[in-house]
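Undergrad: Can you look at this prediction? I've put the sequence above it.
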Amino acid sequence: MSPWRLAARRFARNRPALTGAVLVAALVLAALLAPLLTADPLAQPDPVRLQNQPPSAAHLLGTDPYSRDILSRTLHGARVSLVVGIGAALLAVTLGAGVGLTAGLAGRRTDQLLMRGVDVALSLPRIVLLLAVFAVWEEAPAAAVVLLIAVTGWFQTSRIVRASVLSLREADFVAAARALGTTGAGIVRRHLLPHIAAPVIVSASLDVGNIILLEAGLSYLGLGVRPPTPTWGNMIMDGKDVLFSAPWVALAPGLALVLTVVAFNLAGDGLRDALDPRAAA
Amino acid sequence: MSGPAPARPPLLEVHDLTVNFSGSDGVARAVDGVDLTVEEGETVGLVGESGCGKSVTALAILRLVEPPGHIAHGSSVRLGGRDLLALGAKEIRAVRGNHVALVFQEPLSALNPVLRIGNQIAEAIRAHEAVTRGTARWRAVEMLTAVGIPDAKRRASAYAHQLSGGMRQRVLLAMALACRPQLLLADEPTTALDVTIQAEILELLDGLQRKLGMAVLLITHNLGIVAERTRRVYVMYAGQIVEEAATEQLFAAPAHPYTEGLLAAIPRLDERRDRLQAIPGQVPPATAWPEGCRFHPRCPHAWAKCGTEMPPLLEVTPGHRARCWLVKEPERRKK
Amino acid sequence: MTATPLVEVRDLVTHFTHRVGLFGTRREVVQAVNGVSLDVAARETLGLVGESGCGKTTLGRTILRLVARTSGEVRFDGQDVFALDLAALRRMRRRMQIIFQDPDGSLNPRLSIGRAVREGIEVHRLARGAEADGRVEALLAEVGLPAGSAARYPHEFSGGQRQRACIARALAVEPEFIVCDEPVSALDVSVQAQVLNLLLDLQARRGLSYLFISHDLAVVRHVAPRVAVMYLGRIVEHGPSDGIYQRPLHPYTQALLTAVPVPDPKTKRARVVLAGDPPSPVNPPGGCPFHPRCQHPGKNESCRTVRPELRELAPGHQVACHLADR
Amino acid sequence: MLRFAARRLAFAVVSVAAVVFITFLLVHAAPGEPMLGTPERALASPETMARQRTLFGLDRPLPEQFLRYARNLARGELGESFVLHRPVAAVLAEAVPNTLLLGGTALVASLLLGLAIGVVQAARHHSRTDTLLSAATLVLYSVPVFWLGLVLLLVFGERLHWLPVSGMTSAGLEDRLSSLGRAVDVARHLVLPAASLALVQAAAFARFQRSALVESLDAEYIRAARAKGLTERAVLLKHALRGALAPTLTLAGLSVPYFLAGSVLVESIFGWPGLGRVAYDAIFARDYNVITATALVSGVLVAAGNLLADVAVAIADPRVRLDQ
Amino acid sequence: AKGPAGDAARAPGGTMIIATTGDADVLFPPVTSVTNGINVSDLLFCRLAELKLALNTVDDAGFRPVLARSWEHPDSLTIVFHLDRRAHWQDGAPVTAADVAFTFGVYRDPAVNSPLAPFLAAIDSVTARDSFTVAFRFRRWYPEQLYDATYHMRVLPRHLLDTIPAARLATAPFARAPVGDGPYRFVSWAAGSEIALAADPAWFLGRPGLDRLIWRVTPELATAVSGLLAGEADAMEVIPARGQLERVQQATDVRLVPYPSPFYAAIVFNLRRPPFADRDVRRALAMAVDRETVVRSVFGPFAEVAVGATSPMQWIWSDSISQLPFDTAAAARLLDQRGWRRGGAGGLRSSHGAPLRFTLLVPTSSQVRQQAAVIVQDELRRLGVDMRIQPLEFTVMERRTQTGDFDAALISRTIDPSPASLLQWWSPGAGGNIGRYADTAFGSLAAAAMRARTRAEAAPLWRSALGRLNDEAPAVFLFSPRNNAAISTRFRNVTIRPDSWLATVTEWRVIEARHIARDRGAPRP
Ligand SMILES: Nc1ncnc2c1ncn2[C@@H]1O[C@H](COP(=O)(O)OP(=O)(O)OP(=O)(O)O)[C@@H](O)[C@H]1O
Ligand SMILES: Nc1ncnc2c1ncn2[C@@H]1O[C@H](COP(=O)(O)OP(=O)(O)OP(=O)(O)O)[C@@H](O)[C@H]1O
Ligand SMILES: [Mg+2]
Ligand SMILES: [Mg+2]
């Protein structure tokens, strides 16, 4: 059985991890189907009489201060959060893997240059940069949020990847491949990439949760993806003022947020355990 | 017990020791019904190939098997007549390192990398004796000198990574012997070392044993070491003792085909053989021991009975026992 | 040893420079191989023994140009290995292969055994498609792996089987010369014998040359008619194994031989027990590299100051010791 | 060691310089400009604005502005806040200690709490306590800081009246309190914001510490310690924890950015007059000099955290310390 | 100080903690621009005269004396003020005519760059006739001369400032620890956290009722309200969010004090852009917006539909101002007539293939306006108009509206008590006229109103001008919120002047029976 399938099996036997994965899948599905399942998240059926309505048959999770349906907004918010979280995590990890691979494979000089750069980047106060950039961004479409979060978030991955490339380079099976005459590209493709895939996947899946939290924090500050596009962060902000009179307004997105992050962390932890080379036997 | 003073019980008496590991692919019977005894002051060998359960046996004696492993009901480990498996947590702690000490295979990983070696020895002393910190330290230095570490006073404040492999193994010995145990379980104490260093350490161990008068259970996979250093040997295969004999007897007339195979498979320094006699096949995984005699799939003499009935330890000559039906039916031995 | 040897190593030196200290503030030079010369003839096995860290692996890898040499020369079939361009080197590598000590680390856990063996075939375009599959099957059968092994992954095999797979991988490109870097050290005795037998069979069948590296003198004696003993980056004794094993000339070889426990309770031998650890290859001692541990009663000032060169004291039997003939 | 220190320091300086450069570019390239007024009262006429630009040299080409800024910075001058009409250094001098108090308290608290939880979990790993704590730390770790802050504020501040909800001191009472009373007062104000920051990070530390400990409990030297007859407590605290501490301390040093990010949110919620708040206000007011200076201070703090992480590891792990 | 002493005997003292969401910028009136800076410096520095509660800016009768004991109009271009000789700076120096003249110089000095300077453009000079007499000379006659002479400037102490170069005034230590002449003295300012003032017992108009005023910065509105409800703070100037208002409404210890706000919010069209150049399109859009729904949804009961470009604070406010009706049918007809017919995707209107679509800029700083925009968007969609909302950060939006780079913008205007401020926003060429609205009819109505000598005369003219503005629809005037101060029930005698909520704070008192710990805190000597 291939190591990937073994890992999959280990993952499937891990109850919490499976729960996380199922939750993630359900979330993705719900987000995908949101337009079919629910009404227009922007529709305001009656902004005077229907605002801040408690949950009812017509609005399963109630309505917000604009009379919009919270269920629909929460589901549509999932789209943004997931797109941002997954998108940025993937992008960041790709960038990080690229740089890490380059540093690990290139000569000492390039390696030094890249890694010193990464060290500097790691001491950049990410939040100040993000605040500054988002505050000035006229419109922050989800794509921009993804891009910015990714661009400021790949440094750690590149270190991990570089370290594993460096240790893999010393592995006997790489030496054996070189002795067989396999070219550099062949070694990278056949021997290095499959190995760095595991730590990269793990770091990406754990990143998703962090990025979703980050995005929510930015939205909460009124930055990031702008209203009326629903995001969980700005939904919580909408609900903040009516936290006492209409707690459901902020509760639904808040719970959705926590649940999503928990789900990704569970799945990420599970992936780490499943892909852990020490558990490979 | 009543009556006249009974014969002194052996120092260590292990009976029907069974250790199971429950894992995702079933239960592994790592050690399965092991019986062994060690008399006071004696050196006994325990040989066997990788994974046959030597280390687990040693750990089980001190009840150091950790989950998912557990010692099965019905096992007994008696030290001077006292059943260690029945002791409370505090009492067994008083045995560990004090009456029975353990030396590990990998000297680097058995030493805590972040604690000074002197402290690690002193700590072993203070765990069992009410001495001051200073005294314990002083004794630690003394122990280090005893195991042949030059400039012990200074070395006591070194960390494991600053020492060479041989030195580390000496430190481990010092740690184990700090409380002058009656029994030392030496789990492959030299496997990780070069032959020249290995010889040094074994010499040292010999000397210390004589000085302290302790018994040693020498665990190894190296038959050469067994031949040179032990009086009696147990051979393990697949979690079981398959043969037990005085050392000379074992090498002169092995009774179990596995022991025979092992002896034939070793390349010798003193003679040149054209082809080694390999034992075909390989050790099965601990989760799936074969039915019947565990060695039968690899045994050149096996017949039907071997595949269905597990042989007990059968007496070949007094003090020499083998777990093989051939003892009873020698005529089945193939030429 | 009549025709030109297949592999000629001359004065080979391999040093590693690396940075040490918390943040690589100091340079350190590891003199792993320090002027080694040796030959391996076609169809011959040269044994190489020595203690851990004396530079055996480095020597083997340098010969295959898997490690950059510092100076010296390696010729394979008359060609200077270090003068080849990359394409030529790749072609050359078809002819020389290596098997490693650790069968876990030398197989990529994410490649099936079949794909691992196939790699060399593909790289050198020796066969394609079904033909390649056929070759893989044949190789696996040749090294004694059960049918159907090709689709399985390293973790599904035992150590001995993995080592067989490594051998199959090396054989796939039909090499003439194989560096066997402690191929049986990690194996149990019963399995070790199987693998050794396999290597001997293959040599006989395919006419291979081996540089057989081991720290186990008994194993080397068994496979190699000629042996080189290495200490701290240098060859200290070199000759036919019968000679070396029966009349070792170098005090180190003597100590080595007597240190090996013999699996026979009846033999009792005089033993030369060394004191102390081998010095570090970062700062090898001057003079004879062995002098700090040497127990020879005639040890003198020149041992400390003058480095002994290899001298031939018996036919084909060389030793680097000032005292060997005294 | 000296060379190492020098290298580290040089490196930190380069990092901070990069931070300043990037931030400077970012804020100046941004649309919008320093305003004379607030969202409610846009007072300034276009002419007033134009004069403002000239006064602060904002009409000069960007490279020239940067050179001037860099020159001043080299002389230790951070410039003047456009909005607050005072030296940036003075603004920071007030805010930074407050943030250090909040962040430092939170860091220490989270580290202690995280270590404690991690140790308890590792001591009983795979027990019910462990599972429960794992679930709790996972959820806590997944809660947005601002959300936790709001909840703590509503429950402990407004509903239960146990703790004050905003600021650093009780307004109007400072001058009537003894210095001890004042310290207690500040401490009481510190509880909620510090807890908001600390709880989430404590969960992170606990998760990390638990797995590091469980892993180190697997080590052979732990078995050796048990074989010596040590108590489980000594095994856990002396042997396992010592080895597992280094990575957690590293994490603690590297968590400075988290505390900075969190302080932006938490300082807003609890009205804590710190750096996060200054940065936030400055960004929205396009107070260029203040923004750049906050980035600079953050950069210094992060670099200090990294350094601290190195030092902590060196202290905890002799393999690093003595590798000379 | 006999009178004040008697007053002090009656004054029970006490401390008021004012929760605010923002800090002050600087306490130097010419450059102070932030609400809290203005509020604080208003209590430290006096004007020559103050508007009475009615905020009548036209007649002299609308003013009460402060630093100026009295004033007269010797001719149509001059006002002469006679200073109150009791007035003194808190360092003991008397307030003199020279101070007033100096102050005028500071406000007008380009190096100071006061944003208030443009409001003083009509004043030609200010001269001290003697120590306590000062004459303002105007460039032209208009009814609001007294208003301009007194409202914008707060008199500064010349003796403390004249040695400081004008360009450094705003950054001088004085600007962070000022010495004033008002009812309160500066005590301390911890940036981002707290500003404390103490009553000046020797204030020449009588000791203020409250001993201490402390502004407490609490950026998060919800926290500020929590603090108020928990008794940590006593008052807030305004609670801008409906949800928070409702929380306060339910509290027993805090009450809401409503007062007209000096704001209105409107969607301003950029007349430079095609669809909005067409008056009928603008009218149609205005008629399509159900402002009542917007207001009720966003504010509940806490705001009113704007009757035009004014707020209830201004004396010209009236229900009788003519407005366009909410009439979607009429709006649809109008658009049909102008060629914007339905038929595009999603029932969108278009003309010659171009859809009726525009982008509305909304500042991210205002929740309320974003909320309103979202509702308007929905209403316009039903008419077949695609309005896109672009939330922009405040300074960015300001920049775009100033440079004309927008379709429409949901702006909020802070207006002065004087209706003359209308012209700043709606007359051609005015800096605030971001939509480039130009209408001669409106211009002449406003000009006539500006010349009227009395309120009675001016009011109908202003109202017609506002009606004309509504009819032309250069903007949709959405709402004018009713501000609600939240003030602890411990305080009595609370009145609020809409343009400056603490203008009458000297009269506020703490109910003796409800003194708490901080009230007993003696002000530092
Ligand atoms: N922690 C564990 N979990 C699961 N199985 C274990 C564990 N430890 C040991 N085993 C099982 O016990 C068997 C015996 O292991 P043990 O370590 O005693 O072998 P050994 O004879 O000491 O081998 P070696 O020579 O390699 O040290 C192994 O085959 C393994 O299956
Ligand atoms: N890539 C490397 N970089 C730095 N030092 C190295 C490297 N490879 C080997 N060395 C050092 O060179 C010396 C010789 O190593 P080598 O692996 O050749 O010894 P060996 O004889 O094969 O030992 P073993 O029996 O342990 O395999 C050692 O001190 C080792 O630490
Ligand atoms: Mg073992
Ligand atoms: Mg090697």
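TA: Okay, I see it. Ligands and ions are numbered 1, 2, ... in the order given.

Undergrad: quick one, helices of the chain?
TA: Defaulting to chain A. A:3-13, A:15-37, A:70-105, A:108-122, A:126-136, A:142-151, A:155-169, A:172-179, A:184-187, A:193-220, A:232-240, A:248-275 (DSSP state H).

Undergrad: ah, I was thinking of chain D
TA: Under DSSP H, chain D gives helices at D:2-29, D:46-55, D:62-74, D:88-123, D:128-141, D:145-152, D:179-217, D:220-227, D:232-234, D:241-254, D:256-270, D:275-285, D:288-316, D:318-321.

Undergrad: same thing with the stretch 1-150 of chain C?
TA: Using DSSP state H, counting those that start in this stretch, the helices of the stretch 1-150 of chain C run over C:56-63, C:86-93, C:113-123, C:129-142.

Undergrad: for the last one, packing partners?
TA: Which is helix C:129-142. helix C:113-123, helix C:159-171 (3 or more Cβ pairs under 8 Å, 6 or more residues apart in numbering or on different chains; DSSP states H and E). Every C-beta, even on glycine, is put in place using the N, C-alpha and C of the backbone.

Undergrad: elements contacting the last one?
TA: If you count contacts as 3+ Cβ pairs under 8 Å, 6+ apart, helix C:159-171 packs onto helix A:172-179, strand C:96-99, helix C:113-123, helix C:129-142, helix C:189-206.

Undergrad: picking up where we left off before, so of the helices of chain A, which one's packed in deepest?
TA: For the helices of chain A, the largest average neighbour count (mean count of other Cβ atoms under 10 Å in any protein chain shown) is found in helix A:232-240, namely a mean of 26.

Undergrad: ok so, going back, redo the helices of the stretch 1-150 of chain C as JSON lines? Include mean neighbour count, distance to ligand 2 and mean pLDDT.
TA: Shown next, in JSON lines, are the helices of the stretch 1-150 of chain C (neighbours: other Cβ atoms under 10 Å in any protein chain shown; distance: least, Cβ to the nearest ligand atom, whole Å; pLDDT from 0 to 100):
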{"stretch": "helix C:56-63", "mean neighbour count": "25", "distance to ligand 2": "3", "mean pLDDT": "93"}
{"stretch": "helix C:86-93", "mean neighbour count": "15", "distance to ligand 2": "19", "mean pLDDT": "88"}
{"stretch": "helix C:113-123", "mean neighbour count": "23", "distance to ligand 2": "22", "mean pLDDT": "89"}
{"stretch": "helix C:129-142", "mean neighbour count": "16", "distance to ligand 2": "27", "mean pLDDT": "89"}
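
Undergrad: For the ones you listed, could you give me TSV that also reports distance to A:L257?
TA: Output for those, formatted as TSV (distance: least, Cβ to Cβ, whole Å):
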stretch	distance to A:L257
helix C:56-63	54
helix C:86-93	54
helix C:113-123	44
helix C:129-142	52
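
Undergrad: could these be laid out in CSV, adding distance to ligand 1?
TA: Formatted as CSV, the helices of the stretch 1-150 of chain C follow (distance: least, Cβ to the nearest ligand atom, whole Å):
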stretch, distance to ligand 1
helix C:56-63, 23
helix C:86-93, 35
helix C:113-123, 23
helix C:129-142, 26
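
Undergrad: for the ones you listed, which one sits closest to E:R185?
TA: helix C:56-63 (83.7 Å; Cβ to Cβ).

Undergrad: Tell me which residues are up against that closest one.
TA: A:175, C:7, C:9, C:12, C:14, C:16, C:32-33, C:36, C:48-50, C:67-69, C:74, C:81, C:96, C:98, C:101, C:179, C:181-182, C:211, C:213, C:215, C:230 (Cβ atoms under 8 Å, 6 or more residues apart in numbering or on different chains).

Undergrad: export it as CSV, just CAs?
TA: C-alpha atoms of helix C:56-63 as CSV (Å, rounded to 0.1, in the frame of the first residue of the first chain):
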residue,chain,number,x,y,z
LYS,C,56,35.0,4.6,4.6
THR,C,57,31.8,5.9,3.3
THR,C,58,33.3,9.1,2.2
LEU,C,59,35.9,7.3,0.3
GLY,C,60,33.3,5.1,-1.4
ARG,C,61,31.2,8.1,-2.3
THR,C,62,34.1,10.1,-3.6
ILE,C,63,35.0,7.3,-5.9
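
Undergrad: tell me the angle it makes with helix A:172-179.
TA: Calculated by axes from the mean of the first three to the mean of the last three Cα atoms, to 10 degrees, helix C:56-63 forms an angle of 30 degrees with helix A:172-179.

Undergrad: Would you point out the helix or strand in chain E whose mean pLDDT is lowest?
TA: Ranked by mean pLDDT, DSSP states H and E, the helix or strand of chain E with the weakest confidence is helix E:2-10, at a mean of 42.

Undergrad: try chain A
TA: helix A:126-136 (a mean of 73).

Undergrad: C:I178 falls within a strand, correct?
TA: Yes: per DSSP: H, G, I helix; E, B strand; the rest coil, C:I178 lies within a strand segment.

Undergrad: quick one: it from chain D, how far?
TA: According to Cβ to the nearest Cβ, to the nearest Å, C:I178 stands 35 Å off from chain D.

Undergrad: Can you flag the weakest of the helices of chain A by average pLDDT?
TA: For the helices of chain A, mean pLDDT drops lowest on helix A:126-136, to a mean of 73.

Undergrad: any idea what sits nearest the residue in the stretch 151-300 of chain C positioned nearest to ligand 1, other than its immediate chain neighbours?
TA: Distances between the stretch 151-300 of chain C and ligand 1 by Cβ to the nearest ligand atom are smallest at C:D188, namely 8.2 Å. With Cβ to Cβ, 6 or more residues apart in numbering or on different chains as the criterion, C:D188 has its nearest non-adjacent residue at 4.0 Å, and that residue is B:E49.

Undergrad: Could you check how far stretch E:212-225 is from the centre of its chain?
TA: Once both centres are worked out by Cα atoms, centre = their mean, to the nearest Å, stretch E:212-225 turns out to sit 20 Å from its chain's centre.

Undergrad: quick one, what contacts residue 131?
TA: Unless you meant another one, I'm taking chain A. By Cβ under 8 Å, 6+ apart, the neighbours of A:L131 are A:L218, A:L221, A:L223, D:V264, D:A279, D:Y280, D:I283.

Undergrad: oops, chain B please
TA: With contacts defined as Cβ under 8 Å, 6+ apart, the neighbours of B:V131 are B:I125, B:R139.
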